[in-house]
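Q: next input, structure requested:
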Amino acid sequence: LQVDNPLSLIYGSQPMERSLIFDRVFRGLWLAQLSSQQGWLAIHEVYAQRSDTRSEQPKDAGGRLQLRISLGAGAPPVQACTPALHGAGWPALPVLQLRMSGQTRVFGCSLLQQLALESARLQVRVSGVREMTLYNQLGRLDASKPFLPFGPLPDRSSYLMFSNTELSAKPISELSLQLQWAGLPSQGMAAHYTAYADAARSGGAKERGARAQRRWDESSYVVRPALLSSGHWQEGGELLRLFAERGPEQTLNLDGKELQRLHQPLSMPGAASDYTLASRQGFFRLQLQGAESAFGHALYPRLLSERLTQNSRIKRAEDQLPLPQEPYTPRLEKISLSYAAEEHIAARHDRGTLPGQSHASQLLQLCPFGLQALQRGGADQRYHLLGHWPCGAQLYIGLSGTASAGSLSLLFQLQAESAAESLGRPRPQLSWAAWCGQQWRELEPYRLLLDETQGLLRTGIMVLDLPEGMSANCPELSAAPGGPLLWLRLSASGE
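A: The predicted structure follows:
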């Protein structure tokens, strides 16, 4: 038990291990929720890790606190918040909530309140996505069963086009396709197309025959990736091989730099569900490249006729030339995609734009009465990771009306069992503040004209002299019921 206590690791006799102390303090510190189509989805494990890497960070930035969560394949899809499912007050965006847990070894709020927030770097990695919109030059495809990605007679004009709702709405940094082919020639492409290569030889020219042989192996079937950007197809990256040297599975990795340069996330992801002449972005294309004859479908009738004619002149069956096999028509048993997306969300906008920074995403603080934008504080006016609470206990009182200055009488009626002063315990120190303009104004002690409660220890009346300039625009209380109100704050310190 002593080793498990973070304070024993700090003040113990053994040398301090920073990583062990960090793990003891931050394990189980966070509770996470994601907005999903079934409401708020609770995440049971949030892994915390400290990093001192400062790449792509401002010069005045400190270290990083990395939080990692994982979702299984059976988790419901993450979607934008709706009042019916997630309650009022949330933005119409997918939301990740991070709350402090009260069931930890050390209460981390006091630690994290001291941290200033420069920016948040949101990274998402998704694998095995099967829900895709697929097209080729002949029309829309159905990926729920084996299909012909380039049609029944593929040539260099054939292509496979794909899209995904989530993919089209995110700033992609990595993208790959996982292909599982059906009906591949068991002996390999080169052996399957031997008769095609032999037919290309002329006068026994050995060198030309070697080139023809290489043209029909697995490495000769390639595609060129392209992205739909601003209504135009932009080619990006190197040629990708359709087939592996062995086996039916192949992974196509698209160029990440080209993706970041050309891909523009859709503000309305649903617009990428169907491809039309009005489509502007959100689609990706694999254009068949390589030899003009592609898979040999156009050559096969002529080669078969020529070989049959040649064999008709050969009387002995054992001397006849082998007939060309039917060309392989690419057929996909299964297709899925994996991607990574990355986004920088700045806490403040007066220091330039970070790579991948989004102005649509927001960093918000969850306060007792709802959401508020990040607040500055301290001498350097930095943004804080957590809201700063000046005292351990606070009571907010909202007042309706417009005339705020003058005396205000408040009756506090306390329960009998809690309204008795404990013997031997000091009274709590109470302080009043009013929201004036853009900040809390601490009220001078003389503005407490009467306190019959003796510091909220018994039922009684308090009389306050309210100052001029109280306003109803307090951001941290904007979501409180009752509309815009004038706010007083009563803070208690001590025990």
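Q: all strands for the stretch 301-450 of the chain, in order.
A: 332-346, 364-367, 370-373, 376-377, 382-383, 393-399, 406-412, 429-436, 439-442, 448-451 (DSSP state E, counting those that start in this stretch).
Q: what's the weakest-modelled helix or strand in this protein?
A: helix 206-215 (a mean of 46; mean pLDDT, DSSP states H and E).
Q: how far away is Pro94 from Tyr275?
A: In this view, Pro94 and Tyr275 are 25 Å apart by CB to CB, to the nearest Å. In short, each C-beta sits where N, CA and C put it, glycine included.
Q: of those two, which one has the most company?
A: Using other CB atoms under 10 Å as the criterion, Pro94 and Tyr275 rank with Tyr275 on top: 19 against 16.
Q: retrieve the pLDDT associated with the more buried one.
A: At Tyr275, the model reports a pLDDT of 88.
Q: next up, the contacts around it.
A: Contact partners of Tyr275, counting by CB atoms under 8 Å, 6 or more residues apart in numbering, are Thr133, Tyr135, Met161, Ser163, Phe283.
Q: ok, and the closest non-adjacent residue to the first one?
A: Leaving aside its chain neighbours, Thr133 sits nearest to Ser163 (4.6 Å; criterion: CB to CB, 6 or more residues apart in numbering).
Q: check the third one too.
A: When the adjacent residues along the chain are set aside, Met161 lies closest to Tyr135, with 4.2 Å between them (CB to CB, 6+ apart).
Q: pLDDT on the host helix or strand of the one you found, on average?
A: Per DSSP states H and E: Tyr135 is located in strand 133-136. The average pLDDT within strand 133-136 is 94.
Q: stretch 45-65 - what's its average pLDDT?
A: pLDDT averaged over stretch 45-65 gives 66.
Q: first to last residue in that stretch, what's the distance?
A: For stretch 45-65, the separation between the terminal residues is 16 Å (CA to CA, to the nearest Å).
Q: likewise stretch 98-105?
A: Stretch 98-105: ends 18 Å apart by CA to CA.
Q: so Gly455 sits in a strand?
A: No - according to DSSP: H, G, I helix; E, B strand; the rest coil, the state of Gly455 is coil, so it is not within a strand.
Q: pLDDT weak spots in the stretch 101-250 of the chain?
A: Applying pLDDT under 70 to the stretch 101-250 of the chain picks out residues 199-215.
Q: show me where it has its strands.
A: Using DSSP E, counting those that start in this stretch, strands in the stretch 101-250 of the chain cover 119-129, 133-136, 139-141, 159-163, 172-181, 222-229, 232-235, 240-241, 249-254.
Q: now the longest helix anywhere in the chain: buried residues?
A: Secondary structure of the chain per DSSP state H: the longest helix is helix 300-312. Using 16 or more other CB atoms under 10 Å as the test for burial, helix 300-312 gives Tyr300, Leu303, Arg307.
Q: now swap in stretch 153-163 and tell me
A: For stretch 153-163, by 16+ other CB under 10 Å, it's Pro154, Ser158, Tyr159, Leu160, Met161, Phe162, Ser163.
Q: can you add distance to Ser219 and give these back as a markdown table?
A: Below are the buried residues of stretch 153-163 laid out as a markdown table (distance: CB to CB, whole Å):
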| residue | distance to Ser219 |
| --- | --- |
| Pro154 | 17 |
| Ser158 | 19 |
| Tyr159 | 20 |
| Leu160 | 19 |
| Met161 | 24 |
| Phe162 | 23 |
| Ser163 | 28 |
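Q: nearest to Gln113 among the residues you listed?
A: Distance to Gln113, by CB to CB, is smallest for Ser163 among the buried residues of stretch 153-163, at 44.0 Å.
Q: and that closest one, what is it in contact with?
A: Counted by CB under 8 Å, 6+ apart, Ser163 has contacts Met132, Thr133, Ala272, Ser273, Tyr275, Gly282, Phe283, Phe284.
Q: and what of Gln264?
A: Here Gln264 is in contact with Ser229, Ser230, Gln281 (CB under 8 Å, 6+ apart).
Q: what is the neighbour count of the first one?
A: For Ser229, the tally of surrounding residues (other CB under 10 Å) stands at 17.
Q: same check, this time on the second one
A: Using other CB under 10 Å, Ser230 has 9 neighbouring residues.
Q: contacting residues around it?
A: Here Ser230 is in contact with Gln264, Arg280, Gln281 (CB under 8 Å, 6+ apart).
Q: among those, which one lies nearest to Leu466?
A: The nearest one, if we look at the contacts of Ser230 relative to Leu466 and count by CB to CB, is Gln264, at 52.8 Å.
Q: report pLDDT for that closest one.
A: In this model, Gln264 carries a pLDDT of 82.
Q: quick one: secondary structure of it?
A: Following three-state DSSP, we place Gln264 in the coil state.
Q: middle-most residue in the chain, spatially?
A: The chain has Val124 as the residue nearest its centroid, 3.9 Å off, counting by CA atoms, centre = their mean.
Q: find the nearest non-adjacent residue to it, please.
A: That would be Ala341: by CB to CB, 6+ apart, it lies 4.7 Å from Val124.
Q: coming back round to it: would CSV of the buried residues of helix 300-312 with pLDDT be doable?
A: CSV is the format used below for the buried residues of helix 300-312 (pLDDT from 0 to 100):
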residue, pLDDT
Tyr300, 91
Leu303, 89
Arg307, 88
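Q: my guess is Pro248 contacts Pro185. True?
A: No - counting by CB atoms under 8 Å, no contact exists between Pro248 and Pro185, whose distance comes to 10.9 Å.
Q: and Met462, how many neighbours does it have?
A: So Met462, with other CB under 10 Å, has 19 neighbours.
Q: next one: the helix or strand hosting it to chain centre, how far?
A: Assigned by DSSP H and E, Met462 falls within strand 460-466. Strand 460-466 sits 50 Å away from the centroid of its parent chain (CA atoms, centre = their mean, to the nearest Å).
Q: likewise stretch 296-313?
A: In terms of CA atoms, centre = their mean, the centre of stretch 296-313 is found 55 Å from the chain centre.
Q: contact partners of it?
A: Contacts of stretch 296-313 (CB under 8 Å, 6+ apart): 153-155, 193, 195-196, 199, 216, 293, 320-324, 326-327, 329.
Q: make a ChimeraX selection of whichever of those turn out to be buried.
A: Command for ChimeraX, covering only those of these found buried under the criterion 16+ other CB under 10 Å:
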select :154,193,195,196,199,216,293,324,327
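Q: please list all residues in contact with the residue nearest to Leu96 when sequence neighbours are not counted.
A: In space, and not counting its chain neighbours, Leu96 is closest to Leu34: 5.7 Å by CB to CB, 6+ apart. Residues counted as contacts of Leu34 (CB under 8 Å, 6+ apart) are Trp40, Leu41, Ile43, Leu71, Val78, Pro94, Val95, Leu96, Gln97.
Q: just say helix, strand or coil for Leu34.
A: Once three-state DSSP is applied, Leu34 turns out strand.
Q: so what's it bridging to?
A: Using DSSP bridges, the bridge partners assigned to Leu34 are Leu41, Leu96.
Q: gap between it and Val124?
A: On the measure of CB to CB, Leu34 and Val124 end up 11 Å apart.
Q: same check on Asp155?
A: In terms of CB to CB, Asp155 sits 38 Å off from Val124.
Q: again, but for Ser267
A: The value you get for Ser267 to Val124, if CB to CB is used, is 18 Å.
Q: and Gly296, by the same measure?
A: 42 Å.
Q: cool, Ser471 as well?
A: 40 Å.
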